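Colleague: Structure, please.
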Amino acid sequence: MITDFSAQPKPQNKKARNLMILFFVLAAIAFAITTIVGQYRGIIGMLCVGFLTSGTLMYTKYLSVRFYYDIIATGVDEPLFVVRQMTGKREVTLCRVTLADIERVERETAAERKAHKKDKTTALFIYCPTLSPDVSYRMYVKSGFEKSELILEGSDEFFSKVVEFAAEARELRALNEEDDY
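Modeller: Residues are numbered from 1 along each chain as shown. Predicted structure coming up:
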């Protein structure tokens, strides 16, 4: 029986935090150099802006966000797998996939993720709260003629439930299609 279920992956963002601090320190150093040097002030100022932008992007993409992965079984339609992103008090739904459209879920390490060859016709979406997670999950989704891969981060327990619920949703879809004929 498919039930409502939710998970929040715990980010391990020491790399992102350290990179953010490094970019802000480099921006401060570049700014201090622009006050001393006169000849290359414009180039160093552009580096300062680049470091500030990089540090801000590290903060907004990895440190200030929380992801929630939900399985929503209540409703008239088929059960859904939903990815939500919380930034402060602002909530955005990033992904909504019917559970029956999930073909398979594979666990992969960082090396396997880097070595993975993606088909050019397949869309790739990364919903990981960690900059470079050691272990992630690749979810293959096929809806009609559209294929996509979602890279997610979470526990083995949650993704085993996703696989179980997806198989059950496919069986229910097949039974409903038989009843329609």
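Colleague: ok, and for the top helix by length along the chain, which residues are buried?
Modeller: Identified as the longest helix of the chain according to DSSP state H is helix 156-180. Neighbour counts using 16 or more other C-beta atoms under 10 Å place 158-159, 161-163, 165-166, 168-170 of helix 156-180 among the buried residues. Every residue, glycine included, has its C-beta placed from N, CA and C.
Colleague: same thing with stretch 135-145?
Modeller: Neighbour-count burial for stretch 135-145, counted by 16+ other C-beta under 10 Å, picks out 136-139, 141.
Colleague: mind checking the backbone torsions on Leu124?
Modeller: Leu124 adopts backbone torsions of phi -120, psi 130, taken as degrees, to the nearest 10.
Colleague: Distance-wise, check the residue nearest to it when sequence neighbours are not counted relative to Thr34.
Modeller: Among residues not flanking Leu124 along the chain, Glu149 sits closest, at 5.1 Å (C-beta to C-beta, 6 or more residues apart in numbering). Using C-beta to C-beta, to the nearest Å, Glu149 is found at 44 Å from Thr34.
Colleague: Quick one: neighbours of Val92, just the number.
Modeller: For Val92, the neighbour count with other C-beta atoms under 10 Å is 10.
Colleague: Does it lie in a helix or a strand, and which?
Modeller: If you go by DSSP states H and E, Val92 is part of strand 90-98.
Colleague: what mean pLDDT does the longest helix of the chain have?
Modeller: The average pLDDT within helix 156-180 is 85.
Colleague: which secondary structure elements does that helix contact?
Modeller: In terms of contacts (3 or more C-beta pairs under 8 Å, 6 or more residues apart in numbering; DSSP states H and E), helix 156-180 is packed against strand 5-7, strand 65-72, strand 102-109.
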